[in-house]
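Enquirer: Quick one: sequence and predicted model below, then my questions.
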Amino acid sequence: MSHSRPKSHQVASRKAAAKKIDDVLAGIRVPDLPYPAGKLAPESVSDWQPLLFSCWTEQRDERVTHVLRSVHLNWSVRQINAAYVADRIMDVFLKTSGLHTALVSRIARLRFYLAWRMNLDGHQAFSDTLLVWLDSFQEWRGWSNSGGRSSKSLLDQLDALVIAVSVGFESGTTEAVDVFCGQWQDDSVKRNAQTGKLRERLLATEQGAARQRRADQTSRALIGRALQGRKLPQPVLHFIFDRWQGLLKQAVWDAGVNGETCRHGNKLLEWLVWVGDPSLSDKDRDRLYHVGEHLGDRLVEVWNRVFDRPLTPNALAGIGTVMMSRLRGETPELVDALSKTDNFPWNPVWLGFEAIPLEAFEPFEGRWFVEGEGAAEQRRYFFALLEETAEILWTNGGGVKLGLQPWQEFCQAHSGGGIRPLPAQTPFGEVLEDTVELLAGACEKQRKQREQAAEAARARADALRREREAVELKRQEQEAARKADLERQRKDAEEKRLANEQAEHERVYREKTLLAQKHVAEISLGGWVLVDADRPEKEASRLKLAVRTNASRKLIFVDKLGLNRREFLDDELVLGIVEGKIRVLGGAAEFDDTLSQVVGRIRGGRS
């Protein structure tokens, strides 16, 4: 079978795509999958290894996500995404790989193993060894479930895969699977080395066999055409079937139907029939004598051209007897040249055989074709067109012959849809790359949508915050304005109060001053005043007015002994009385009552 490995740039591209699996496992969200309501604690996440292992050992053909939905356990986001990615990759591989249904469905069951490993290792679940092995299944694109030895051999190898993956589940490692893949690749290299030799050997063998069939069928057609509807003597028929058929076959083999030897041999065949059939040769006796005279020599001559061994006299004895009988004018016993039991099959088509033009069949050579549908389909490889017989040599792609088919029959089946070219196939690595790129694009789109939603939420929150801040600022400004207004009112009231108090104080002072001036003016000589001492430890002094000088407005006081003379200007005396440092005795009670009345009137007016 033809085998193609991915090119280095394809491998690099696929590795780069595989690395995006980690982002997909962490970021993608798929509708209708059983994601947890919130982030689960590690100890609360269910262990899914026993479940996936059971599905693998049972070789179940269902999606991992369907299995997760069927049980009520706590699955993490990473587990669910790993299951989804494994399902998505294998579903695409089922549809596009181009492998036989029975084969690709078994490979697709690896979804359980891959989901398990992706949850643990991320993109490293697709190791180089695993990817190369999965890509190598393109080597088996022509495999059919025919029940043959090669078909069973591949199924046996896949049975070994079941064991290797089971060991991996039990051990918790990928070692058994990696060993299996490596051994598979080693066997593939050995098999491909043998395939080339098998192909060369098969082609050489079939081309030789086709040439033999061409010679045999052409010789049969020449004899069939010559004997059709004739009755001939038995010795002539024995010679034709026992000797001359072999000569014609060898002549066609050597130089083809248009070769000189074949033409001479066919001509002599026609003379044998003409001589042996009285209905043909009795009409021209002279020619019969002439032909009979030279026929034996001509037969020997052509025989010697073809074969190294001589034509024995016994072989021509029957022909000689018939010739003598015919020359004597006798009619020998005749039999049907071709039995009605059809024990000598021949086809006149071989007499007009034309080689198929190269441009007609070349587009089909080296391609795979399919017959049937679904699990019953059979695949075959158009290995070569055997030009000698215009037959297609079908193989299994690995040097094993599946059969021959006439070109015309193939053309009819192809045009009628009975046989069709194998559709384009997709290696696993390409499926992985395309699928992961698609999922990564969807994941990135979701990430941007989440970022946009978060940005919109932040914008709404900022707008709400700014709105609240604006409301709060307005409230604060209003409160500040209210407080400022209250403070202004308070200040105004305070200023008014102070002004009123000041006015009251000034009115009281004026009243006191007027009253004091009145008392000072009314103090007569001999009137007494009480002057407070300058220091607290001294007692107040009682002084009597001794002299009043109107011109200088001086008042001179003395004590009761007439000593300790003190002078006051009337303004000083008034000021002392107002300030309460000096009291006018005799009129002090009257002064106090009057002052009280004045102050009372002032306070009453303020109220």
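Expert: Good, I have the coordinates.
Enquirer: ok, the residue lying closest to residue 528 once chain neighbours are set aside - contacts?
Expert: Distance criterion C-beta to C-beta, 6 or more residues apart in numbering; nearest residue to residue 528, sequence neighbours excluded, is residue 585 at 3.9 Å. Every residue, glycine included, has its C-beta placed from N, CA and C. Applying C-beta atoms under 8 Å, 6 or more residues apart in numbering to residue 585 gives the contacts 527, 528, 529, 530, 542.
Enquirer: could you measure residue 585 against residue 338, distance?
Expert: The spacing between residue 585 and residue 338, counted by C-beta to C-beta, to the nearest Å, is 189 Å.
Enquirer: got it, and residue 460?
Expert: Distance from residue 460 to residue 338, by C-beta to C-beta: 100 Å.
Enquirer: who's more crowded, those two?
Expert: It is residue 338, of residue 460 and residue 338, that has more neighbours when counted by other C-beta atoms under 10 Å, with 17 against 10.
Enquirer: how many other residues sit next to the residue nearest to the more buried one when sequence neighbours are not counted?
Expert: Leaving aside its sequence neighbours, residue 338 sits nearest to residue 227 (C-beta to C-beta, 6+ apart; 5.2 Å). If you count neighbours by other C-beta under 10 Å, residue 227 ends up with 24.
Enquirer: residue contacts, the closest residue to residue 564 other than its chain neighbours?
Expert: Of all residues not flanking residue 564 in the chain, residue 558 sits nearest, at 6.4 Å (C-beta to C-beta, 6+ apart). Residues near residue 558 by C-beta under 8 Å, 6+ apart: 543, 544, 546, 564, 565, 566.
Enquirer: Try it again at 7 Å.
Expert: Residue 558 makes contacts with 543, 544, 546, 564, 565, as judged by C-beta atoms under 7 Å, 6 or more residues apart in numbering.
Enquirer: Verify the stated contact: the second one with residue 561.
Expert: No - distance between residue 544 and residue 561: 10.0 Å, which falls outside the contact criterion (C-beta atoms under 7 Å).
Enquirer: When those two are compared, which one has more neighbours?
Expert: The residue with more neighbours, out of residue 544 and residue 561, is residue 544; 16 against 6, by other C-beta under 10 Å.
Enquirer: List the beta-bridge partners for the residue nearest to residue 564.
Expert: On the basis of DSSP bridges, residue 558 is bridged to residue 544.
Enquirer: shift numbering so it begins at 812
Expert: New numbering, starting at 812: the last item is residue 1369.
Enquirer: rewinding a little: I figured the residue nearest to residue 1149 was touching residue 1146, is that so?
Expert: No - using C-beta under 7 Å as the test, residue 1038 is too far from residue 1146 to be in contact (11.0 Å).
Enquirer: picking that back up, any idea which of the contacts of residue 1396 is the one closest to residue 1282?
Expert: For the contacts of residue 1396, the minimum distance to residue 1282 (C-beta to C-beta) is 71.3 Å, reached by residue 1341.
Enquirer: Excluding sequence neighbours, find me the nearest residue to the closest one.
Expert: Distances taken as C-beta to C-beta, 6+ apart place residue 1394 nearest to residue 1341, at 4.5 Å, with adjacent residues excluded.
Enquirer: The one you found and residue 881: what is the separation?
Expert: 116 Å.
Enquirer: Also residue 1141?
Expert: With C-beta to C-beta as the criterion, residue 1141 and residue 881 are 97 Å apart.
Enquirer: quick one: residue 1194 is in a strand?
Expert: Yes - the assignment for residue 1194, made by DSSP: H, G, I helix; E, B strand; the rest coil, places it in a strand.
Enquirer: which residues sit in contact with it?
Expert: Contacts of residue 1194 (C-beta under 7 Å, 6+ apart): 1204, 1205, 1206.
Enquirer: what's the burial count for the closest residue to residue 1202 other than its chain neighbours?
Expert: Distances taken as C-beta to C-beta, 6+ apart place residue 1215 nearest to residue 1202, at 4.6 Å, with adjacent residues excluded. Neighbour count for residue 1215, taken as other C-beta under 10 Å: 15.
Enquirer: Repeat that for residue 859.
Expert: By other C-beta under 10 Å, 23 other residues sit near residue 859.
Enquirer: repeat for the one 3 residues further on
Expert: Other residues near residue 862 number 18, with proximity taken as other C-beta under 10 Å.
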